[in-house]
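# Sequence first, predicted model second:
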Amino acid sequence: MSSQNPRALTVSMVNVGLALGTTSTYTTTASTVCFVNGVIAVVLTAQTNTATPTTDAATGAAFKKLTDNQATVIVFGLTVGGAIAMAQGSIVPTEVGVTTTKGAFIDAPQFPTLPDDFCPLGYALVRTAPSAADWTPGTSDWTATGIYAGLNGTTTCTQLNGTMPERPQIA
């Protein structure tokens, strides 16, 4: 008999319909069903215009701001205790945009290292245009002038019904 000790999975079993709000809020359309290292997380019911966290779940510190012509990725997740959490990936430069128009990606930002008690639900790519004011996850508006957040600049997030991809999908 084998003495293998398989690693327990961290996986979201439901597409929660994660979307960004018009301020620094988020909305989901379904309750969560998540396993974190094989343990079922406390269910979070569908949320409507709920305030986003202001500290990074991966570092415990405040989120890092973006300035003009930058991009980052924000991963939304659920803790084992049933709280929404966010973690910020790397901040990378983009091509220089034109006034309020975002520049193209040079390289995709990288996902953050996620905490052990965190099940990813979805992620949002965020880019800033040359005219954008400094933007900080958790406190700044997702739809501020010169901010392009979500999937292809919409407020829809990339949904994770399962596990995380190796890298953010920028197309």
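Nice, I can see it.
# Find the residue ranges of this structure scoring beneath the pLDDT cut-off.
1-7, 153, 171 (pLDDT under 70).
# Try it again at 50.
Scanning the chain for pLDDT under 50 picks out the ranges 1.
# Beta-bridge partners for the spatially most central residue of it, please?
Centroid-nearest residue in the chain, with Cα atoms, centre = their mean: V75, separated by 2.3 Å. Applying DSSP bridges to V75 gives these bridge partners: A87, Y123.
# Am I right that it is in contact with P115?
No - assessed by Cβ atoms under 8 Å, V75 is found out of contact with P115, at 10.6 Å. (Glycine included, C-beta is placed from N, CA and C.)
# Report the set of residues contacting both of these two.
Residues touching both V75 and P115 comprise A87, with contact defined as Cβ atoms under 8 Å, 6 or more residues apart in numbering.
# What distance do you get for D68 to T128?
Distance, D68 to T128, using Cβ to Cβ, to the nearest Å: 6 Å.
# Please say which of these two ends up with more neighbours.
T128 (27 against 18; other Cβ atoms under 10 Å).
# Might one say that the more buried one is in contact with T67?
Yes - counting by Cβ under 8 Å, T67 is a contact partner of T128 at 6.8 Å.
# OK, contacts around Q47?
26-28, 84 are the contacts of Q47 under Cβ under 8 Å, 6+ apart.
# Distance of it relative to V80?
Counting by Cβ to Cβ, the gap from Q47 to V80 is 18 Å.
# Repeat that for N37.
8 Å.
# before we move on, what about G97?
In terms of Cβ to Cβ, G97 sits 40 Å off from V80.
# Please apply the same query to T59.
The value you get for T59 to V80, if Cβ to Cβ is used, is 19 Å.
# Look at the two and report which has more neighbours.
Neighbours per residue (other Cβ under 10 Å) separate T59 from V80, with V80 holding more: 19 against 14.
# residues touching the more buried one, list them.
Neighbours of V80 in contact, by Cβ under 8 Å, 6+ apart: 36, 39, 41-42, 117, 119.
# Check the gap between the closest residue to L151 other than its chain neighbours and S12 for me.
Spatial nearest neighbour of L151, excluding adjacent residues (Cβ to Cβ, 6 or more residues apart in numbering): T158 at 5.5 Å. Separation of T158 from S12 (Cβ to Cβ): 12 Å.
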